[in-house]
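Novice: Attaching a predicted model along with its sequence, questions to come.
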Amino acid sequence: MKIYAYEVRDDEIDYFTQAQKKFDADIILKPQLLTCGEIRALEPHSAISILGLERCDKDELDSMAMQDIRYLATRTVGYDHIDLEYAKKVGIHVCNVGYAPDGVADFTIMLMLMCLRNYKQALWRAHVNDFSLNGLMGRELSGLTVGIMGTGRIGARVARDLSGFGCRILAYNRHPVKELEDIVTYVTQEEIYRQCDIITLHLPLTQETCHMINANTIRKMKDGVVLINCARGALMDMDSLIDAVETSKIGALGMDCVENEEGIIHLDRRTDIFSDRKLAYLRQFKNVVHTQHMAFYTDGAVRSMVDGAIQGILDMAGNRSCRTQLV
Ligand code: COI
């Protein structure tokens with residue numbers, strides 16, 4: 001069975017070459033996005049891996065079913081870009097990957113600290129030999145209350161990392177995690193909004209969580225709240241963020257993802273006309289740090305994304321239990 005890997009970055013190639021040997025798999029690497037046209041040109045009965053920079057909906061899944069392509073692996077933890085219900089309906093088995101949460105957790109803490117220490121401005125100034133301190137006085141994490149929304153693998157890692165900083169940690173999760181109860185206090189979402197100086201999002205993007213950070217929920221937060229998002233952009237409503245940064249309701253925003261970031265992230269857009277007005281406006285604020293959806297991006301995670309996808313496809317196709325199978 002051929003495995004077609006799409007959206008392959010140059011830095012993944014070595015890992016794919018190693019996976020090819022390790023799993024004795026026939027893997028064809030394609031840098032481009034997966035489209036219906038692409039799928040129609042693939043060898044029937046093969047399998048596909050994607051990276052989640054484009055949606056995989058009804059049309060793509062129908063095209064796969066037509067080619068009798070039955071196995072799809074996304075090299076990501078998140079799977080909101082795939083219509084799983086429809087995949088199930090047309091008989092396509094889908095898996096994601098479960099790389100270590102450490103890299104995303106590290107990045108989350110880095111964004112928190114950058115926000116608390118006004119590091120975006122400090123960095124700008126240092127570029128032009130301005131070493132002044134005015135306006136850069138920060139706050140210490142140890143005196144603050146941090147709220148973790150979602151304590152799956154990443155949120156739990158963030159909680160454990162934060163426990164060394166001496167801050168008070170509140171958490172919200174539909175099902176509290178027993179092993180975390182000695183370092184976090186589980187509360188309702190409302191209490192997170194009411195009590196926390198910093199709120200960090202680690203929930204999956206679903207119909208329920210889409211735009212959970214909006215004008216209404218921001219209103220409930222403390223003045224000057226620091227918001228961190230290393231999960232999915234659409235958890236936050238862009239217009240509400242802009243309003244709240246303009247009025248200083250949000251004191252600082254660290255975001256590794258934004259809604260509608262497809263076509264922007266991981267691409268060099270320097271010589272293009274950048275027409276996402278909302279993002280261009282939001283990211284110019286001194287207290288908004290926006291990164292290119294790179295919290296995941298470590299050597300260990302990339303290797304494990306590649307290996308996990310190939311292993312997942314082979315397990316599903318071989319009728320073995322696949323740890324990360326979604327449907
Ligand atoms: C994920 O693994 O869910 C990510 O966000 C990684 C990114 C390549 C889309």
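Specialist: That came in fine, so what should we check first? Numbering: from 1, shown residues only.

Novice: in the longest helix belonging to the chain, what counts as buried?
Specialist: Ranked by residue count and defined by DSSP state H, the top helix of the chain is helix 299-317. The neighbour-count check on helix 299-317 (16 or more other Cβ atoms under 10 Å) flags 301-317 as buried. Any C-beta I mention is one placed from the backbone N, CA and C, and that applies to glycine too.

Novice: Can you tell me which helices and strands it packs against?
Specialist: Secondary-structure packing of helix 299-317 (3 or more Cβ pairs under 8 Å, 6 or more residues apart in numbering; DSSP states H and E): strand 2-5, helix 13-22, strand 47-50, strand 71-74, strand 93-95, helix 102-116.

Novice: List the pairing partners of the first one within its sheet, with orientation.
Specialist: Partner strands for strand 2-5, per DSSP bridges, with pairing direction: strand 26-29 (parallel), strand 47-50 (parallel).

Novice: contacts for that strand?
Specialist: Strand 2-5 has contacts (Cβ atoms under 8 Å, 6 or more residues apart in numbering) with 12, 16, 25-30, 42-43, 46-49, 75, 306, 309-310, 313.

Novice: where does E259 land on pLDDT?
Specialist: On pLDDT, E259 comes in at 97.

Novice: my bad, should have said R269
Specialist: 95.

Novice: and it, how many residues sit next to it?
Specialist: Using other Cβ atoms under 10 Å, the number of residues around R269 comes to 11.

Novice: now Q18
Specialist: Number of residues near Q18 (other Cβ under 10 Å) recorded here: 13.

Novice: now S248
Specialist: S248 sits with 11 neighbouring residues when counted by other Cβ under 10 Å.

Novice: Thought V225 was touching it, still the case?
Specialist: No. At 10.2 Å, S248 does not count as touching V225 under the criterion of Cβ atoms under 8 Å.

Novice: Show me what counts as buried in stretch 137-148.
Specialist: Judged by neighbour count (16+ other Cβ under 10 Å), stretch 137-148 contains these buried residues: R139, L141, L144, T145, V146, G147, I148.

Novice: Quick check: nearest residue in space to the second one, chain neighbours excluded?
Specialist: Distances taken as Cβ to Cβ, 6 or more residues apart in numbering put F165 closest to L141, at 4.5 Å, once the chain neighbours are dropped.

Novice: where does that neighbour sit relative to the ligand, distance-wise?
Specialist: As judged by Cβ to the nearest ligand atom, to the nearest Å, F165 and the ligand stand 25 Å apart.

Novice: Could you double-check that that residue sits in contact with G143?
Specialist: No. The pair F165 / G143 is not scored as a contact, 10.1 Å apart, by Cβ under 8 Å.

Novice: Spell out which residues of the stretch 51-200 of the chain are next to the ligand.
Specialist: L51, G52, T76, V77, G78 (Cβ under 6 Å from any ligand atom).

Novice: quick check: mean pLDDT across stretch 127-138?
Specialist: Per-residue pLDDT values across stretch 127-138 average out to 98.

Novice: All the helices of the stretch 51-200 of the chain, residue numbers only.
Specialist: 58-66, 84-89, 102-116, 119-127, 153-162, 189-195 (DSSP state H, counting those that start in this stretch).

Novice: For these, give me TSV that also has mean neighbour count.
Specialist: Formatted as TSV, the helices of the stretch 51-200 of the chain follow (neighbours: other Cβ atoms under 10 Å):
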stretch	mean neighbour count
helix 58-66	18
helix 84-89	16
helix 102-116	21
helix 119-127	14
helix 153-162	22
helix 189-195	16
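
Novice: Tabulate the ones you listed in CSV, adding columns for distance to M236.
Specialist: Listed next are the helices of the stretch 51-200 of the chain as CSV, based on distance: least, Cβ to Cβ, whole Å:
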stretch, distance to M236
helix 58-66, 27
helix 84-89, 23
helix 102-116, 14
helix 119-127, 18
helix 153-162, 16
helix 189-195, 13
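
Novice: so which of these comes closest to M294?
Specialist: When these are compared by Cβ to Cβ, helix 102-116 sits nearest M294, at 7.4 Å.

Novice: What's the per-residue pLDDT of the residue in the stretch 101-250 of the chain that the ligand sits nearest to here?
Specialist: At 7.5 Å from the ligand, R232 is the closest residue in the stretch 101-250 of the chain, using Cβ to the nearest ligand atom. Listed pLDDT for R232 reads 98.

Novice: and it, how many residues sit next to it?
Specialist: As a burial measure, R232 scores 23 neighbours (other Cβ under 10 Å).
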